[in-house]
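# can't give you the sequence, but here's the structure:
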């Protein structure tokens, strides 16, 4: 099971100059095993209740929803991390990110977008719709992200 969501519109901008620091911030999330909700497994004597094995830069039995347990080693830039999350990323001719789209089960996208918020242009937004018709929006301002609930009003 799961809850499917998709973007209906976005005006989401990250300047090329801000993409590297945003990437570093998203990779740093992988140190936060306490935030990972993707699941766990018990192979090789390591499970989600075990401490992170000595010498490893990630916990092999904990991961973020729908992502590789060691996504920083797979992803060389911000766009690749966003793609790993499930986003399609749109760039302009100068390699600035100018839009995101998504259509899949909900995972931990909000956590990653909130972490990116200090690097996102004020006024950016992403509109979403859930499988049950629910509407919501993420708005970016002053280095933070705010979720707003939406409703359709017929006149």
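Arrived safely, thanks for sending. Just so you know, these numbers come straight off a predicted model, no measurement behind them.

# use CA for all of it now, contacts and neighbours both
Fine.

# Packing partners of the longest helix belonging to the chain?
As assigned by DSSP state H, the longest helix anywhere in the chain is helix 16-28. Contacts defined by 3 or more Cα pairs under 8 Å, 6 or more residues apart in numbering; DSSP states H and E place helix 16-28 against helix 78-85, helix 109-116.

# Quick one: closest of these to residue 6.
helix 109-116 (11.7 Å; Cα to Cα).

# Mind listing what's buried along that closest one?
109, 112-116 (16 or more other Cα atoms under 10 Å).

# Just put these in CSV and tack on distance to residue 134.
Listed next are the buried residues of helix 109-116 as CSV, based on distance: Cα to Cα, whole Å:
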residue, distance to residue 134
109, 17
112, 21
113, 20
114, 21
115, 24
116, 24
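
# Dump those residues into JSON lines; add pLDDT and distance to residue 154 as well.
Formatted as JSON lines, the buried residues of helix 109-116 follow (pLDDT from 0 to 100; distance: Cα to Cα, whole Å):
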{"residue": "109", "pLDDT": "95", "distance to residue 154": "30"}
{"residue": "112", "pLDDT": "98", "distance to residue 154": "34"}
{"residue": "113", "pLDDT": "98", "distance to residue 154": "31"}
{"residue": "114", "pLDDT": "98", "distance to residue 154": "32"}
{"residue": "115", "pLDDT": "98", "distance to residue 154": "35"}
{"residue": "116", "pLDDT": "98", "distance to residue 154": "35"}
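
# who's in contact with the helix or strand containing residue 149?
Using DSSP states H and E, residue 149 falls within strand 144-150. Outside strand 144-150, the residues within contact range by Cα atoms under 8 Å, 6 or more residues apart in numbering are 113-114, 117-118, 134-140.

# Tell me the one of the buried residues of helix 109-116 nearest residue 78?
residue 116 (9.7 Å).

# The closest one is in contact with residue 22, isn't it?
Yes - counting by Cα atoms under 8 Å, residue 116 touches residue 22, with 5.6 Å between them.

# Residue 145: neighbour count?
Residue crowding around residue 145 was assessed by other Cα atoms under 10 Å; the count is 23.

# Return the set of residues that bridge with it.
With DSSP bridges as the criterion, the beta-bridge partners of residue 145 are residue 140.

# so how far is residue 111 from it?
Noted for residue 145: a distance of 10 Å to residue 111, by Cα to Cα, to the nearest Å.

# now swap in residue 151 and tell me
From residue 151 to residue 111 the distance is 23 Å (Cα to Cα).

# All set now, cheers.
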